[in-house]
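Enquirer: model the following, please.
(2 chains)
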Amino acid sequence: GDSVTQTEGPVTVSESESLIINCTYSATSIAYPNLFWYVRYPGEGLQLLLKVITAGQKGSSRGFEATYNKETTSFHLQKASVQESDSAVYYCALGNTGNYKYVFGAGTRLKVIA
Amino acid sequence: DTTVKQNPRYKLARVGKPVNLICSQTMNHDTMYWYQKKPNQAPKLLLFYYDKILNREADTFEKFQSSRPNNSFCSLYIGSAGLEYSAMYLCASSRDVAYYAEQFFGPGTRLTVL
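Expert: Below you'll find the model as predicted:
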């Protein structure tokens, strides 16, 4: 079946430093799944951060960006300069065009320290 | 309003007793989902409603029931709770069941079975 593997947390980064959270996927039934990053801030539900549905393209939101790389089956999340308010749990997810379902990674907890 | 509400936020249940969790949304979304989330694991899809049609995952088919009396409400029912049901239960909704659709999540219900 499909699977998503992402950086195991917690990840601690100092404010204004750069961030990368790795995400790789395996989609056994389809060649080009849709890819998402969701974020859960403390006390809130998961919310969409960004999505990319076309291989080779980049999505961006709130200073974060991720590029859909079909050669390496990766969708790493990056930010050039993190802020304390970015402290949250980040989930990479795959949307399977064949069965209409999402598959999530286990999440990466990010803590940004001043 | 893009809020998905879940009640209760915390639930304590005894082994062998039934559990009923409630979710609501006012976005007029066609699809509502229930996920189970355990620590350090990915959210796992249990079932989803597309309009009035219930789709349950094969590996949890007999463990969870659901009802959707109207477009706004959806419940998750456990007939006889076991210790293994202790988890966070996430409800989500989306405009349709497409693999590209953004899902809107509630804050979750934390179920503890003793």
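Enquirer: all strands of the chain, in order?
Expert: Unless you meant another one, I'm taking chain A. Ranges of strands within chain A are A:3-6, A:11-14, A:19-21, A:23-26, A:34-40, A:47-52, A:58-61, A:64-67, A:77-79, A:88-95, A:102-104, A:108-113, based on DSSP state E.
Enquirer: nope, chain B please
Expert: B:4-7, B:10-13, B:19-25, B:31-37, B:44-50, B:53-56, B:65-70, B:73-78, B:87-94, B:104-105, B:109-113.
Enquirer: the worst-scoring helix or strand of chain A on mean pLDDT and chain B, any residue contact?
Expert: Least confident helix or strand of chain A, by mean pLDDT, DSSP states H and E, is strand A:102-104 with a mean of 91. Yes: part of strand A:102-104 sits near chain B under the criterion C-beta under 8 Å from any C-beta of the partner chain, namely A:102, A:103, A:104. Where C-beta positions appear, they are placed from N, C-alpha and C, glycine not excepted.
Enquirer: still on that earlier bit, now the strands of chain B as a markdown table including distance to residue A:17 and mean pLDDT?
Expert: As requested, the strands of chain B are arranged in a markdown table below (distance: least, C-beta to C-beta, whole Å; pLDDT from 0 to 100):
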| stretch | distance to residue A:17 | mean pLDDT |
| --- | --- | --- |
| strand B:4-7 | 33 | 94 |
| strand B:10-13 | 36 | 97 |
| strand B:19-25 | 38 | 97 |
| strand B:31-37 | 29 | 95 |
| strand B:44-50 | 33 | 93 |
| strand B:53-56 | 43 | 92 |
| strand B:65-70 | 44 | 96 |
| strand B:73-78 | 41 | 97 |
| strand B:87-94 | 30 | 96 |
| strand B:104-105 | 29 | 94 |
| strand B:109-113 | 33 | 98 |
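Enquirer: residues in chain B within reach of chain A, list them.
Expert: Neighbours of chain A within chain B, by C-beta under 8 Å from any C-beta: B:4, B:40-43, B:45, B:90, B:92, B:97-100, B:102-108.
Enquirer: show me how to select, in PyMOL, the buried members of these.
Expert: Buried members of the residues of chain B next to chain A, defined by 16 or more other C-beta atoms under 10 Å in any protein chain shown, are picked up in PyMOL with:
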select buried, chain B and resi 4+42+43+45+90+92+97+99+103+104+105+106+107+108
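Enquirer: who's in contact with the residue nearest the centre of chain B?
Expert: The residue lying closest to the centre of chain B (C-alpha atoms, centre = their mean) is residue B:34, at 2.7 Å. For residue B:34, the contact set (C-beta atoms under 8 Å, 6 or more residues apart in numbering or on different chains) comprises B:21, B:23, B:45-48, B:64, B:66, B:74, B:76, B:89-91.
Enquirer: one more time with 7 Å, if that's ok
Expert: Residues near residue B:34 by C-beta atoms under 7 Å, 6 or more residues apart in numbering or on different chains: B:46, B:47, B:66, B:76, B:89, B:91.
Enquirer: give me the beta-bridge partners of it?
Expert: When bridges are called by DSSP bridges, residue B:34 pairs up with residue B:47, residue B:91.
Enquirer: so residue A:2 sits against residue A:102, correct?
Expert: No: taking contacts as C-beta atoms under 7 Å, residue A:2 lies outside contact range of residue A:102: 9.4 Å.
Enquirer: give me the common contacts of the two.
Expert: residue A:94.
Enquirer: more neighbours: these two, which one.
Expert: residue A:102 (25 against 18; other C-beta atoms under 10 Å in any protein chain shown).
Enquirer: from residue B:53, how far out is that one?
Expert: 18 Å (C-beta to C-beta, to the nearest Å).
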